[in-house]
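K.L.:
Compute the structure for the input listed below.
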Amino acid sequence: MKIGLSVVICFLLLLPQFLGQDALSKGLEGVIYIVDNQHALMDFTTRHLGFGRVRGTFNEYQASMFLADKGLEASTVTATIDASTLDTGNPGRDDHLKKVFFDVAKYPFIQFQSTEIYRTPEGYRMKGDLTIKDVTKRLEMPLTVVTLHGIDQWENRRIVLETNLVIDRKTFNVVYDNEFWDGIVADEIEIDISFAAFHYNALNNVFPWRKHSIGTFIRDQIPRKGVEATLAEVEQMFEADSSDYKFGIQDFYRAGLGLAQSGQAINGVEVLRLAITVHRESGAPSEIADLYAAMAEVLAGEQRWTEARESVDHALEFDPRHPAALELDRHLKE
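P.N.:
Residues are numbered from 1 along each chain as shown. Sure thing, here's the model as predicted:
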């Protein structure tokens, strides 16, 4: 069988990037995927007065999946939903649902963590624990695989899994103590989920590295000056509030992950560590947790288990419900 020269060249150009991403899984024996909120669905449907259908969604949620090298049956999922972002398109109704039915002031989050994924003749199924308010119940649902091996135009890996299930809201204490008003909402809630997630490829050049990004400076200077001298200079520029570069968390993040994915794992860790140092006070807790989780994944890829676990612990200190950190916590070796 003949293979065209153009195909070979294309493969060789992409190979370092795919190998770079694979390198992060060599210790964990899997890869962490982060939900793409802009292209995922977390919808629900119920009956109003037992007749008309009302559709709603949650506008803010975090979710991650550990996609194991061994396959889907060794993989796990964690999700955290901000219950206060419930949205049915009717502000008055939404306020009532959030205040009375969900009591978001006391129970701000809905959480799910898978316990098992297994295969049947009809396809995959997933079991997991769903927590709403003060009730946790084990659920089981079908799992449709749209793709486990997608590559998008930015050369990020993509997975899409879908499921639907029906729950009885009253078993989760989602009720109103006024019988008349409680009866307006049907007991059965149909949930429709499309879990679209990605594993970021920091090496892609579809979006060129910005000239004024500190990430570009780091990438270009480390080969010339070494990581220690480069990062010392970066820290000095940050403290001097230099206007020559953008020092955003994402700028550091891309540089750190880019180094790790190109085979410079420890240099990547040092970049992520510096990002935490300079943004610790100003960054949102979830953003600092993102950096720690990324650092943990890189360290696990190098089989530096103690440091990886310390990084996960720090991530959970900043955001106890951080899905990627929780997934790493489940799969890190002791």
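
K.L.:
shaky segments in the stretch 51-200 of the chain?
P.N.:
Across the stretch 51-200 of the chain, the ranges flagged by pLDDT under 70 are 51-52, 178-184.

K.L.:
which residues in it form helices?
P.N.:
91-96, 179-182 (DSSP state H, counting those that start in this stretch).

K.L.:
and the protein, what are its domains?
P.N.:
Per the record, the chain has its domains at 15-199, 214-331, by automatic domain parsing.

K.L.:
Output those in CSV; the columns should cover mean neighbour count.
P.N.:
To be clear about C-beta, it is placed using only N, CA and C from the backbone, and glycine gets the same treatment. Shown next, in CSV, are these (neighbours: other Cβ atoms under 10 Å):
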stretch, mean neighbour count
domain 15-199, 16
domain 214-331, 20
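
K.L.:
Present those as JSON lines; the columns should include distance to N205.
P.N.:
Shown next, in JSON lines, are the domains of the chain (distance: least, Cβ to Cβ, whole Å):
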{"stretch": "domain 15-199", "distance to N205": "9"}
{"stretch": "domain 214-331", "distance to N205": "11"}
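
K.L.:
To F207, which of those lies closest?
P.N.:
Closest of those to F207 is domain 15-199, at 6.9 Å (criterion: Cβ to Cβ).

K.L.:
From S194, how far off is F238?
P.N.:
The gap separating F238 from S194 is 40 Å, by Cβ to Cβ, to the nearest Å.

K.L.:
Next: A83.
P.N.:
From A83 to S194 the distance is 20 Å (Cβ to Cβ).

K.L.:
now R330
P.N.:
23 Å.

K.L.:
And the strands in the stretch 51-200 of the chain?
P.N.:
Using DSSP state E, counting those that start in this stretch, the strands of the stretch 51-200 of the chain run over 52-58, 61-68, 76-82, 86-87, 109-120, 123-132, 135-151, 157-168, 188-199.

K.L.:
Quick check: next helix or strand after the last one?
P.N.:
If I follow you right, that is strand 188-199. helix 214-225 (DSSP states H and E).

K.L.:
what sits up against that next one?
P.N.:
When contacts are defined by Cβ atoms under 8 Å, 6 or more residues apart in numbering, helix 214-225 is touched by residues 209-210, 230-231, 233-234, 237-238, 245-247, 251-255, 258-259, 264, 267, 271.

K.L.:
and the helix or strand just after it, how far out from the chain's middle?
P.N.:
Downstream of helix 214-225, the first helix or strand assigned by DSSP H and E is helix 227-239. Chain-centre distance of helix 227-239: 29 Å, with Cα atoms, centre = their mean, to the nearest Å.

K.L.:
which residues pair with the residue nearest to V146 when sequence neighbours are not counted across the strands?
P.N.:
Spatial nearest neighbour of V146, excluding adjacent residues (Cβ to Cβ, 6 or more residues apart in numbering): V160 at 3.7 Å. Beta bridges link V160 to T147, A196, judged by DSSP bridges.

K.L.:
which ones are touching V160?
P.N.:
Residues in contact with V160 (Cβ under 8 Å, 6+ apart) are V145, V146, T147, G150, S194, F195, A196, A197.

K.L.:
The fifth one contacts L41, correct?
P.N.:
Just to be clear, that refers to S194. Yes - between S194 and L41 there is a contact under Cβ atoms under 8 Å: 4.1 Å.

K.L.:
closest one to L299 among the strands of the stretch 51-200 of the chain?
P.N.:
strand 61-68 (15.7 Å).

K.L.:
Just checking the distance from that closest one to the centre of its chain.
P.N.:
5 Å.

K.L.:
Just the pLDDT for Q21.
P.N.:
Turning to Q21, the model gives it a pLDDT of 46.

K.L.:
all numbers from here: first residue = 14
P.N.:
Will do, 14 is the new start, and the previous item becomes Q34.

K.L.:
Could you tell me whether L41 really is in a helix?
P.N.:
No - assessed by DSSP: H, G, I helix; E, B strand; the rest coil, L41 does not belong to a helix; its assignment is coil.

K.L.:
who's in contact with the closest residue to it other than its chain neighbours?
P.N.:
Leaving aside its sequence neighbours, L41 sits nearest to A313 (Cβ to Cβ, 6+ apart; 4.7 Å). By Cβ under 8 Å, 6+ apart, A313 lies in contact with L37, G40, L41, A321, L341, L345.

K.L.:
per-residue pLDDT, L304?
P.N.:
97.

K.L.:
cool, and N214?
P.N.:
Reported pLDDT at N214 in the predicted model: 94.

K.L.:
Can you lay out the contacts of V173 as JSON lines showing distance to K111?
P.N.:
As requested, these are arranged in JSON lines below (distance: Cβ to Cβ, whole Å):
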{"residue": "V158", "distance to K111": "34"}
{"residue": "V159", "distance to K111": "31"}
{"residue": "T160", "distance to K111": "35"}
{"residue": "G163", "distance to K111": "35"}
{"residue": "S207", "distance to K111": "24"}
{"residue": "F208", "distance to K111": "24"}
{"residue": "A209", "distance to K111": "26"}
{"residue": "A210", "distance to K111": "27"}
